[in-house]
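Student: quick check, what structure comes out for this input:
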Amino acid sequence: MPAYDVIIVGARVAGAAAAMLLARQGLRVLVADRDRYGADTLSTHALMRGGVFLLSRWGVLDRVIEAGTPPVRQTRFDFGAESVTIGIKPAHGVDALYAPRRTVLDRALADAAEAAGADIRYGLSVTGLLRDDSGRIAGIHGRDRAGAAFTARARLTVGADGTRSIVAREAGATTLRAGAGCGAIVYGYWSQLCADGYEWFYRPGHSAGVIPTNADQVCVFAGVPAHRLVRGDLRATYHRLLAATTGGAGDRLAQARPPGRLHTWIGRPSYLRQAHGPGWALIGDAGSFLDPLSTHGITDALRDAEILARCFTRTGTVDDLDEFATVRSTMFDVVDRIAGYGWDLPQLRTHLLSLSAAMSTELELITNLVRK
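Tutor: Residues are numbered from 1 along each chain as shown. Presented below is the predicted three-dimensional model:
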């Protein structure tokens, strides 16, 4: 039976980043992912400053930029009668934000992990966890695409396998907090749409976003409370929601080429799960999930990978992951309020200011952590 220092379930942003960082420290790392290399996935794409800072620090940002990911140098908040545009000021070595397609970002991180020596196995589905005589998690068992059984042992097993994490379920991770807000999002990729930065639109009961990404495309999403997402003609619903929230974005949508395919997130409440236990830990959406309206999921996943790798390489265990408890709860409450859509526009602006402050607090924690 093969033995590793760390086994990571999931080769997406959190898992691939953690594998890269741990392998760079000379640890034996196995990553098991049931999907295929470079597969696309649901995402809002937008990186916040903390995420860009970490990618730059790790030497991965250049790969993202070389793939043609456009720099974002301003963010516009549109409240209907009023809009506010904020420039991205250089700080902590970051002078622009980016919103890469997941086919770009996930590949860049996975390639960096393999270059560092991590063993990534695609098409490997984990079906359960191993335990030693004391009950401590000691590895995984699963099957490859051909149906052959696979078992491996490790000192640490990490769940980076999303909201339906098998590691969280099998390890018995407790849900520490559950949100009440729950938003649904429909999005697609537009062509020939003029967009020179992030744009967030808000109206009572509605939201929308414009996010420039690779290949001269722009991700445009429309959001509503989950219970108000009308099924049936999804395309008609999407355009109706965009009209109600953006008013056509100054006729720019009418002049652009709409997406040929739409993607839907039907919504689920935010949560915080127990971050670690004997022989196991959770990172990314496996450990904590914020409503996509926060556009902070990718940054949170990169943050978790950094914290986990530093803790494990420093102590050889994850029995002291206080950084997780501190940083994961920083913006939970305000995101839950925004995702609940129970606000009027003055209340929302207060919530957005609180969210900005929470992001600044997280950024300071990240930058201070990596400079220790």
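Student: so which residue of this structure lies furthest out from the middle?
Tutor: residue 133 (35.4 Å; C-alpha atoms, centre = their mean).
Student: helix or strand for residue 187, which one?
Tutor: Secondary-structure assignment from DSSP states H and E places residue 187 in strand 183-191.
Student: mind listing the strands whichever helix or strand comes after that strand pairs with, and their directions?
Tutor: Using DSSP H and E, the helix or strand that directly follows strand 183-191 along the chain is strand 198-203. Sheet partners assigned to strand 198-203 using DSSP bridges are listed as strand 74-78 (parallel), strand 206-212 (antiparallel).
Student: and those strands: which comes nearest residue 275?
Tutor: Closest to residue 275 of those is strand 206-212 (C-beta to C-beta; 29.0 Å). C-betas here are computed from N, CA, C, even on glycine.
Student: what does that closest one contact?
Tutor: By C-beta atoms under 8 Å, 6 or more residues apart in numbering, the residues outside strand 206-212 that reach it are 44-46, 70, 72, 99, 183, 193, 195-201, 218-224, 241-242, 244-246, 249, 293, 295, 341.
Student: looking at those, which are in helices?
Tutor: Among these, the residues falling in helices (DSSP state H) are 241, 242, 244, 245, 246.
Student: separate out the buried members of the residues you listed.
Tutor: Buried by 16 or more other C-beta atoms under 10 Å: 241, 242, 245, 246, out of the ones in helices among the contacts of strand 206-212.
Student: any idea how far the first one lies from residue 40?
Tutor: Remark: distance between residue 241 and residue 40 (C-beta to C-beta, to the nearest Å) = 23 Å.
Student: what does the pLDDT read for the residue farthest from the centre of the chain?
Tutor: In this prediction, residue 133 carries a pLDDT score of 95.
Student: which parts of the stretch 101-250 of the chain are strands?
Tutor: In chain order, the stretch 101-250 of the chain shows strands spanning 119-122, 125-131, 137-143, 149-159, 175-178, 183-191, 198-203, 206-212, 217-225, with DSSP state E, counting those that start in this stretch as the criterion.
Student: reformat these as CSV; add distance to residue 85.
Tutor: Converted to CSV, the strands of the stretch 101-250 of the chain look like this (distance: least, C-beta to C-beta, whole Å):
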stretch, distance to residue 85
strand 119-122, 41
strand 125-131, 46
strand 137-143, 48
strand 149-159, 40
strand 175-178, 34
strand 183-191, 20
strand 198-203, 9
strand 206-212, 13
strand 217-225, 17
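Student: between the ones you listed, which one is nearest to residue 336?
Tutor: strand 175-178 (8.9 Å).
Student: before we move on, the earlier item: of the contacts of strand 206-212, buried ones?
Tutor: 44-46, 70, 72, 99, 183, 193, 195, 197-201, 218-224, 241-242, 245-246, 249, 293, 295, 341.
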